[in-house]
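**Q** Requesting a structural model of the entry that follows:
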Amino acid sequence: MEHLAALSAHIRTELQKVVIGQRDVVDQLLLVLVCGGHAVIEGVPGLAKTLAVKSLARICGLGFQRVQCTADLMPADVTGTNVFNLASSTFQLHRGPVFTDLLLVDEVNRTSPRTQAALLEAMEERQVTIDGTRYPLSENFTVFATQNPVEFEGTYPLPEAQLDRFLLKVRINYPSAEEEMEIVSRYSRGFDPRRFDEIPLAPMDLAMLAAARQEVQSIKVEPALFTYLVNLVRRTRDWPAISLGASPRGAIGLFQVARTLAGMDGRDYLLPDDVKAAALPVLRHRILLKPEADLEGLTPDQVIEQLLAAVEVPK
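**A** Residues are numbered from 1 along each chain as shown. Presented below is the predicted three-dimensional model:
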């Protein structure tokens, strides 16, 4: 796990220059990148969601684009469109922001379902279809979609079909008192994210990411852990508090993330604790609670914790 360990250490060190604390969030962003998936990032404004993704792209040497979602955003604004060139009398493709490596879709629940659906093909197949022609996207194409958990006026909640295509749902909480004091202290010493290009972030060789992904493939998984992982996902489908359980894509995502967590820990074998650590971010957006569970004040995270306690762990 040499390359994965080096990649993890480098990204953690460099991101700490711009993001104070939030160790779990940094690790989950790294997980998404290594697994080749996508993530929903949920948090109130002002918690450095955009800054973290921009910094990750710069550290890894990846292209970055941002889409600010509004109610009038159209699919062509995201994917691109063919524009008629009067000089040559031909149509030329005007590429949209999806033609990048890391795409930040800001406040994704503020745009219409039609535009949200335009991301489905790009996320699942890493291609877009414009006027009947398919265009491939970058092999590193990754969507980080943010949403505000407290504002619901003028929003369009993401449908289950689209949520299921996100590998992780990352929750960002407020920093601790000590971390917030350090944030203010940094600003007093001249830190300014608006001068982002002046922040001294050390880039890494992009080949390290490909090597880390290859290392993850070699991690050994015992048959008993496959059984444990699948049993955990299947219990979401008949759990009393859950009306809609996780799909087989959820089981695949749980396996990918757990295996990558083992590699980030320096091991070439999977443990039950890796599956447990991956369960919350992988499954919290894939289950739908029954109305009575909501009335009782249960959250998806609490229900998943109950599932983890109920499913037998292999010895």
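**Q** what ranges do the strands span in the stretch 151-300 of the chain?
**A** Using DSSP state E, counting those that start in this stretch, the strands found in the stretch 151-300 of the chain span residues 168-171, 242-244, 288-289.
**Q** which ones are touching L261?
**A** For L261, the contacting residues are L31, D274, A277, A278, by CB atoms under 8 Å, 6 or more residues apart in numbering. In this view, the C-beta of every residue, glycine as well, is placed from N, C-alpha and C.
**Q** now swap in V170 and tell me
**A** Taking CB under 8 Å, 6+ apart, we find V170 in contact with V25, Q28, L29, V32, A39, V40, I41, E42, P281.
**Q** Quick check: pLDDT value at A87.
**A** In this prediction, A87 carries a pLDDT score of 83.
**Q** For it, grab the count of nearby residues.
**A** A87: 5 surrounding residues under other CB atoms under 10 Å.
**Q** and it, that's in a helix?
**A** No - A87: not assigned to a helix; according to DSSP: H, G, I helix; E, B strand; the rest coil it is coil.
**Q** Need the pLDDT of the closest residue in space to A224 that isn't next to it in sequence.
**A** Residue nearest to A224 in three dimensions, not counting chain neighbours: P314, with 3.8 Å by CB to CB, 6 or more residues apart in numbering. On the pLDDT scale, P314 is placed at 89.
**Q** Tell me, how many residues neighbour P314?
**A** Applying other CB under 10 Å, we find 15 residues neighbouring P314.
**Q** any idea how far S8 is from it?
**A** 27 Å (CB to CB, to the nearest Å).
**Q** How about D274?
**A** Note on D274: its distance to S8, by CB to CB, is 14 Å.
**Q** Could you do G37 as well?
**A** 17 Å.
**Q** got it, and N82?
**A** Distance of N82 to S8, given as CB to CB: 42 Å.
**Q** Looking at these two, which one has more neighbours?
**A** Neighbour count, other CB under 10 Å: between N82 and S8, S8 has more, with 22 against 14.
**Q** Contacts for the helix or strand hosting the more buried one next, please.
**A** Secondary structure from DSSP states H and E places S8 in helix 2-15. The contact list for helix 2-15 (CB under 8 Å, 6+ apart) reads 23, 26-27, 30, 34, 52, 55-56, 59-60, 201-202, 204, 208-209, 211-212, 214-216, 260, 263-264, 266.
**Q** who's in contact with L289?
**A** By CB under 8 Å, 6+ apart, the contact set of L289 is A241, I242, S243, L298, P300, V303.
**Q** what do you get for I172?
**A** Per CB under 8 Å, 6+ apart, neighbours of I172: Q22, V25, I41, E42, G43, L47, A48, K49.
**Q** May I ask you to confirm that the first one is in contact with P175?
**A** It stands for Q22. Yes - using CB atoms under 8 Å, Q22 makes contact with P175 at a distance of 7.2 Å.
**Q** and which of the contacts of L261 is nearest K290?
**A** K290 lies nearest to A278 out of the contacts of L261, by CB to CB, at 24.4 Å.
**Q** Run a quick neighbour tally on the closest one.
**A** A278 sits with 24 neighbouring residues when counted by other CB under 10 Å.
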